[in-house]
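Student: Could you look at this predicted model? Sequence included:
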Amino acid sequence: MNDTFAKFVIGAANQFAHAAALAVANFPASGYNPLFIYGGSGLGKTHLLRAIGEHVQQRAASRRVAYLPAERFVSDWVHHLQHNRTADFRQHYRQVDMLLVDDIQYLAGKPRAQEEFFHTFNALVEANRYIVLTSDRLPQDIAPLDPRLRSRFAAGLMAEMQPPDLETRLAILQRKAAAHDLVLSPDVAMLIATQIRTNVPDLEVALARLTAYASLYNLAEVTTDMADTMLAQFFAERAEAITAARIQSAVAERLELNVSHLRSKDRRRAVAFARQVAMYLCRELTDASLPEIGRAFGGKDHSTVLHACAKIAGLEETDEDVARLLWQLRRALGK
Ligand SMILES: Nc1ncnc2c1ncn2[C@@H]1O[C@H](COP(=O)(O)OP(=O)(O)OP(=O)(O)O)[C@@H](O)[C@H]1O
């Protein structure tokens with residue numbers, strides 16, 4: 001499904017970002033460049049970015065719009081570099097009318113890609129081409145980042161997105177329920193919106209479950225009982241205690257290994273790294289002591305656990321890939 005402006009529910013928490021995005025999509029003659037949209041996960045940053053691209057293409061198909069996650073900019077750059085095709089890369093990115101880059105914080109800690117992005121950025125701004133960036137944090141909190149890029153980002157128009165307030169959550173629920181042909185009475189919608197307050201994907205999960213229940217019972221309208229059952233299950237899952245075993249499964253799944261590898265003596269690099277990540281998360285997210293954590297990994301020494309924790313803590317500070325991995329794992333574990 002396309003993310004469009006029409007599908008975006010506007011509320012106090014996102015109306016400024018929405019207005020700024022729409023203004024950019026209408027190609028202002030002049031204005032702040034870049035537009036920098038930032039905020040927590042699942043608040044609609046990607047949706048707005050895609051909506052800009054969609055809007056521009058609908059109205060002026062000849063405009064060249066490039067939408068991409070920052071991760072792709074980096075991998076594309078590395079690919080072109082390896083094949084001695086940097087000129088093609090530059091030509092491609094510097095010729096667009098609008099550049100939309102998602103999750104720009106991903107550039108942190110990648111000096112060569114930052115350098116290239118800096119030149120792309122300057123070339124586009126000089127040519128009066130618009131740039132829109134999204135990020136999960138403010139430019140000053142993206143680190144390590146070339147100060148020249150940081151100041152370019154900060155010189156743009158900053159649009160923060162905050163978690164939706166109750167009224168917006170209700171509107172989002174009703175809009176998405178209608179898209180599923182599901183009827184939510186005002187009471188049921190209120191019940192869900194008062195309890196699920198975090199972000200939009202959580203509301204989407206709740207609705208998907210209700211849609212499944214409703215079709216199971218062959219009902220078009222969600223009853224209060226159905227909503228109560230769904231909410232109880234939703235919160236029970238979130239509250240499920242985090243154990244070393246759950247962490248090991250999450251790490252193994254994410255890094256495509258078996259849990260048994262993590263508990264083994266296997267010293268291959270990928271396995272050792274995964275084990276260290278899992279130990280670090282056990283230290284952070286459970287009450288287990290160092291020896292207990294060691295035992296959960298097939299009888300490792302407490303000093304091995306300590307070393308793993310120090311190493312991963314250091315990498316989390318300096319290596320954006322590791323920071324991102326940890327962020328994804330915490331999220332998968334409901335943290
Ligand atoms: N205001 C809104 N109206 C309608 N749908 C929304 C709104 N905000 C978010 N969504 C929906 O919520 C989901 C998550 O949004 P999105 O991916 O844009 O979040 P994000 O801020 O980019 O998060 P992340 O940084 O985790 O990618 C999408 O399905 C999106 O369409």
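Tutor: Done, it's in. Residues are numbered from 1 along each chain as shown.

Student: Just checking the distance from stretch 207-227 to the centre of its chain.
Tutor: 29 Å (C-alpha atoms, centre = their mean, to the nearest Å).

Student: cool, and stretch 228-243?
Tutor: With C-alpha atoms, centre = their mean, you get 22 Å for stretch 228-243.

Student: got the buried residues for that stretch?
Tutor: For stretch 228-243, a neighbour-count test (16 or more other C-beta atoms under 10 Å) marks 230, 231, 234, 242 as buried. For the C-beta atoms, the positions are set from N, CA and C on the backbone; glycine is no exception.

Student: Keeping just the C-alphas, turn that stretch into PDB.
Tutor: The C-alpha coordinates for stretch 228-243 follow below in PDB (Å, rounded to 0.1, in the frame of the first residue of the first chain):
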ATOM      1  CA  ASP A 228     -10.600  -6.800  26.100                       C
ATOM      2  CA  THR A 229      -9.200 -10.200  25.100                       C
ATOM      3  CA  MET A 230      -6.900  -8.600  22.500                       C
ATOM      4  CA  LEU A 231      -5.600  -6.000  25.000                       C
ATOM      5  CA  ALA A 232      -4.900  -8.600  27.700                       C
ATOM      6  CA  GLN A 233      -2.900 -10.700  25.200                       C
ATOM      7  CA  PHE A 234      -1.100  -7.700  23.800                       C
ATOM      8  CA  PHE A 235       0.100  -6.600  27.300                       C
ATOM      9  CA  ALA A 236       0.800 -10.100  28.500                       C
ATOM     10  CA  GLU A 237       3.200 -10.500  25.600                       C
ATOM     11  CA  ARG A 238       4.900  -7.200  26.300                       C
ATOM     12  CA  ALA A 239       5.300  -8.000  29.900                       C
ATOM     13  CA  GLU A 240       6.700 -11.500  29.400                       C
ATOM     14  CA  ALA A 241       9.900 -11.600  31.500                       C
ATOM     15  CA  ILE A 242      13.100 -11.300  29.600                       C
ATOM     16  CA  THR A 243      15.300 -14.300  30.200                       C
END
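
Student: what does the stretch 151-300 of the chain have sitting close to the ligand?
Tutor: Contact residues (C-beta under 6 Å from any ligand atom) of the stretch 151-300 of the chain with the ligand: 172, 200, 201, 204.

Student: returning to what we had before: so which of the buried residues of stretch 228-243 are in helices?
Tutor: Residues of those located in helices (DSSP state H): 230, 231, 234.

Student: List the residues that contact the first one.
Tutor: When you say that, I think you mean residue 230. Listed by C-beta atoms under 8 Å, 6 or more residues apart in numbering, the contact set of residue 230 reads 206, 209, 210, 213.

Student: And those, which two are furthest apart?
Tutor: Farthest-apart pair in these is 206 and 213; separation 10.8 Å (C-beta to C-beta).

Student: Out of the ones in helices among the buried residues of stretch 228-243, which is nearest to the ligand?
Tutor: Ranked by distance to the ligand (C-beta to the nearest ligand atom), these are led by residue 234 at 16.4 Å.

Student: Can you tell me how far that closest one is from residue 285?
Tutor: 20 Å (C-beta to C-beta, to the nearest Å).

Student: Next, count neighbours for the residue of the stretch 201-335 of the chain at minimum distance from the ligand.
Tutor: The stretch 201-335 of the chain approaches the ligand most closely through residue 201 (5.0 Å), counting by C-beta to the nearest ligand atom. The number of residues packed near residue 201 is 12, by other C-beta atoms under 10 Å.
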